[in-house]
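S.K.: dropping a prediction and its sequence here:
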Amino acid sequence: MPSICFYFQVHQPYRVGKYTFFDIGSRHDYEDVEKDISITRKVAQKCYLPANNLILNLIEKYKGRFKVSYSISGTALDQFIEYAPEVIDSFKRLSDTGCVEFLNETYYHSLAFLFSRSEFIQQVKLHKKKIKELFGQTPRVFRNTELIYNNELGALVESMGYKAVLAEGADHVLGWRSPNFVYQPSGCYRTKLLLRNYHLSDDIAFRFSNRHWDKYPLSAEKFVQWVKQINGSGEVINLFMDYETFGEHQWEDTGIFNFMEALPEKLINIPEFNFVTPSEEAEIYDPVAQLDVPSFVSWADVERDLTAWMGNNMQREALERVYSLEKKVKRTRSQEFLDTWRKLQTGDHFYYMCTKWFSDGDVHKYFNPYTSPYDAYINYMNVLSDFIDVLDSTIPSRRGKHEKYQYRSISI
């Protein structure tokens, strides 16, 4: 009996405001607060609140037989708390049903695993603490930013005690294998590897409203027929996607909410199918094999690699420079410096600098608030230059065995 696992990613970054070369040294407020408030509240009304209400109604209607999971970045949680607390309340109601699982990730939706394992672990612990504090759950399954994964991540996640880790079911990794089975990270013996079925996931997330798609329009009945084809040739169907698919990326008038409302009933009425959370999937199914993933994969773009964030010299320079500040920032023992530095690690900043217009250009343009990736790079590096200047201007003064730092106010 194939099990269907819905996982939704919820993320909002802290957006960097316009910051020119002439602002360096004159002002140290980097966040575009008005835009953060506006976008958070807009997406709350278009996506988070109606989608959460729909999921809650479906759970109640099917008496716990419908289940989903979420991973919510720390930057999104903080903005919900400050700008849209009703969103937090709606997620709490979902948690109370016992049919919703919350996953663990890096707090700042960062690429820390690629540059600093110690920073990565600290952010994961911060996120775990926040999920426990808000929703009363201790996450048992891990998903890295943008499903970035390789063997080393699998090994570290197992050492941290997680039952499972999520990854992209990329063709170049699987070869002849299917994503519709549970695997195990190479060299691991306890943690399970749950792979995204990107064909079916992207049919909903990206192609749903595409009138040029040869399968358009997508109905619940048609989707169920595709799912039924897996029965007998797979044990799980992992549908992983951005939660903003509902109402934001796919607007309400496309019928996306009606599709989601109709889908569970079509599947629940088929005895061969059931819904599970990632933890339940890891408990129920044994791995069919260990999967060797020596190179990084992600769920981004057709290449499904790191090039969305590290594909050009601008991105690599910005990333290397911001992570090179780790020791200096942490020596200040300033929570303000640390928080600003971590917000500057959020992967979105580097995604905006991507120049891959040839394959997934429309996707990058849609999510990019800048007129060009070069503008994104210049703006970010101006901010980073000022942050470094402020950081360097701290004046250490020894008092006994402790160091104190004086610094100008900064924020993002």
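M.R.: Right, received. Where do you want to start? These numbers come from a predicted model, not from an experiment.
S.K.: switch to C-alpha atoms for all contacts and neighbour counts from now on
M.R.: Fine.
S.K.: please enumerate the strands of this protein.
M.R.: Shown for the chain, the strands assigned by DSSP state E span residues 3-10, 68-72, 100-102, 141-142, 164-168, 184-185, 192-196, 236-242, 274-275, 290-291, 397-399, 402-404.
S.K.: and those: which comes nearest Thr332?
M.R.: Proximity to Thr332 (Cα to Cα) singles out strand 402-404 among those, at 7.4 Å.
S.K.: look up the closest residue to Val10, ignoring the ones flanking it.
M.R.: Ile72 (4.6 Å; Cα to Cα, 6 or more residues apart in numbering).
S.K.: the one you found and Gln9 touch, don't they?
M.R.: Yes - the criterion here is Cα atoms under 8 Å, and Ile72 meets it with Gln9 at 6.2 Å.
S.K.: and those two? Which one has more around it.
M.R.: Neighbour count, other Cα atoms under 10 Å: between Ile72 and Gln9, Ile72 has more, with 23 against 19.
S.K.: how far away is that one from Tyr243?
M.R.: Distance, Ile72 to Tyr243, using Cα to Cα, to the nearest Å: 10 Å.
S.K.: repeat for Ile256
M.R.: On the measure of Cα to Cα, Ile256 and Tyr243 end up 12 Å apart.
S.K.: low-scoring pLDDT stretches of the chain, where are they?
M.R.: 357-367, 395-412 (pLDDT under 70).
S.K.: and the residue lying closest to Gly98 once chain neighbours are set aside, how many neighbours does it have?
M.R.: Closest residue to Gly98 apart from its sequence neighbours, by Cα to Cα, 6+ apart: Gly64 at 7.9 Å. Gly64 is flanked by 15 other residues according to other Cα under 10 Å.
S.K.: can you pull the contacts of Cys5?
M.R.: 67-69, 236-240, 275-278, 281 (Cα atoms under 8 Å, 6 or more residues apart in numbering).
S.K.: hey, what's in contact with both of Ile72 and Tyr243?
M.R.: Overlap of the contact sets of Ile72 and Tyr243 (by Cα under 8 Å, 6+ apart) consists of 9-10.
S.K.: ok, the closest residue to Arg211 other than its chain neighbours - contacts?
M.R.: With sequence-adjacent residues excluded and distances taken as Cα to Cα, 6+ apart, Arg211 is closest to Pro217, at 7.3 Å. Taking Cα under 8 Å, 6+ apart, we find Pro217 in contact with 208-209, 211.
S.K.: in TSV, list these along with neighbour count.
M.R.: Output for those, formatted as TSV (neighbours: other Cα atoms under 10 Å):
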residue	neighbour count
Phe208	22
Ser209	20
Arg211	10
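S.K.: now, which of those sits nearest Val329?
M.R.: Scanning the contacts of Pro217 for proximity to Val329, where the rule is Cα to Cα, the winner is Phe208, at 44.5 Å.
S.K.: state the distance from the residue nearest to the closest one when sequence neighbours are not counted to Tyr183.
M.R.: Nearest non-adjacent residue to Phe208, counting by Cα to Cα, 6+ apart: Leu218, 6.1 Å away. Distance of Leu218 to Tyr183, given as Cα to Cα: 30 Å.
S.K.: of the two, give the one with the bigger neighbour count.
M.R.: Tyr183 (22 against 18).
S.K.: need the contact list for the closest residue to the more buried one other than its chain neighbours.
M.R.: Computed as Cα to Cα, 6+ apart, the closest residue to Tyr183 that is not its neighbour in sequence is Pro287, at 4.4 Å. Pro287 is in contact with 181-184, 192, counting by Cα under 8 Å, 6+ apart.
S.K.: let's go with 7 Å and repeat that
M.R.: Shown in contact with Pro287 (Cα atoms under 7 Å, 6 or more residues apart in numbering): 182-184, 192.
S.K.: I am finished for the moment; much appreciated.
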